[in-house]
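model the structure of this input:
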Amino acid sequence: MLPIAILLLMIIPLTGLSSTFKELENKLQNTKSIRVVFIQKTQYSWYPKPELSKGVFYATKDGKFRIEYTYPDKVVMVSNGKEIIILNEEDKEAIIDNVENNTSPVIESLFFFSKPLGEVFEPVGELEKSGLRVLILKPKQRDENIKEVYVELDAELEVKKVRVVDSENTQTTLEFIEVRKNFQPSSGLFKIELPPDVKVRRAGSLK
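Sure, this is the predicted structure:
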């Protein structure tokens, strides 16, 4: 059930909802690369205190991405679009896996822009909250990890926050602190050099 405060917010007519969704889709499709400094909060339904993480992610439209968590643990996830390396610097462990096992169409469309938003999501509502628009989206296809998504947008339709609710009502919120778009990535951004003392494990079969 939605909180009472959300229920009291004004629902924008469906025509406005469709227009906002399409404008956002076009804006994301025109994003070739992105760098976002973020704060991530995960609120579990069974635990009162949220789990806090901080970091930065980079992504390009061809499916490459790099996520660097700086707090509480230093974890780096790098993908060249085909495989992904997950390095836990403190534990000195790395996992190499197929990228398909570590992402979903929802993530690809909303964060990495490698899939059109309209192919993945159905807009089901729009709210106004403290001068921001909040789009409510549902995946068109069943996703084990995502039940619905709330996207907070400013007047220029820039994403300020994304809140993801899963099937167990765990809520993960990413607040976009600093955003840079359409930059030229360095040649080594989507590569990672593993230190010699890191234990490497391969998950599944790689092509």
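
name every strand pairing with the host helix or strand of residue 172 and say which way it goes.
In this structure, residue 172 sits in strand 171-181 according to DSSP states H and E. Strand pairing for strand 171-181, using DSSP bridges, gives strand 33-43 (antiparallel), strand 159-165 (antiparallel).

what's the weakest-modelled helix or strand in the protein?
helix 4-7 (a mean of 36; mean pLDDT, DSSP states H and E).

quick revisit: in JSON lines: the strands paired with strand 171-181, plus distance to residue 151.
(Each C-beta comes from the backbone N, C-alpha and C, glycine too.) Shown next, in JSON lines, are the strands paired with strand 171-181 (distance: least, C-beta to C-beta, whole Å):
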{"stretch": "strand 33-43", "distance to residue 151": "14"}
{"stretch": "strand 159-165", "distance to residue 151": "5"}
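
so which of those is nearest residue 52?
strand 33-43 (5.8 Å; C-beta to C-beta).

what comes into contact with that closest one?
50-61, 113, 170-185 (C-beta atoms under 8 Å, 6 or more residues apart in numbering).

after that strand, next one along is what?
That would be, after strand 33-43 and using DSSP H and E, strand 51-60.

buried sites along that next one?
For strand 51-60, burial by neighbour count (16 or more other C-beta atoms under 10 Å) applies to 53, 55, 57, 58, 59, 60.

so which of those residues comes closest to residue 94?
residue 55 (17.3 Å).

so what's that closest one up against?
For residue 55, the contact set (C-beta under 8 Å, 6+ apart) comprises 37, 38, 40, 67, 68, 69, 70, 71.

farthest pair within these?
67 and 71 (13.1 Å).

more neighbours: which of these two?
Between residue 67 and residue 71, residue 67 has the larger neighbour count (other C-beta atoms under 10 Å), namely 19 against 11.

does the more buried one touch residue 57 like I think?
Yes: when contacts are counted by C-beta atoms under 8 Å, residue 67 is listed as touching residue 57 (4.4 Å).

where are the low-confidence patches of the chain?
1-18, 101-114, 204-207 (pLDDT under 70).

in it, which spans are strands?
Per DSSP state E, the chain carries strands over the ranges 33-43, 51-60, 65-71, 75-79, 83-88, 93-98, 121-129, 132-139, 148-153, 159-165, 171-181, 199-202.
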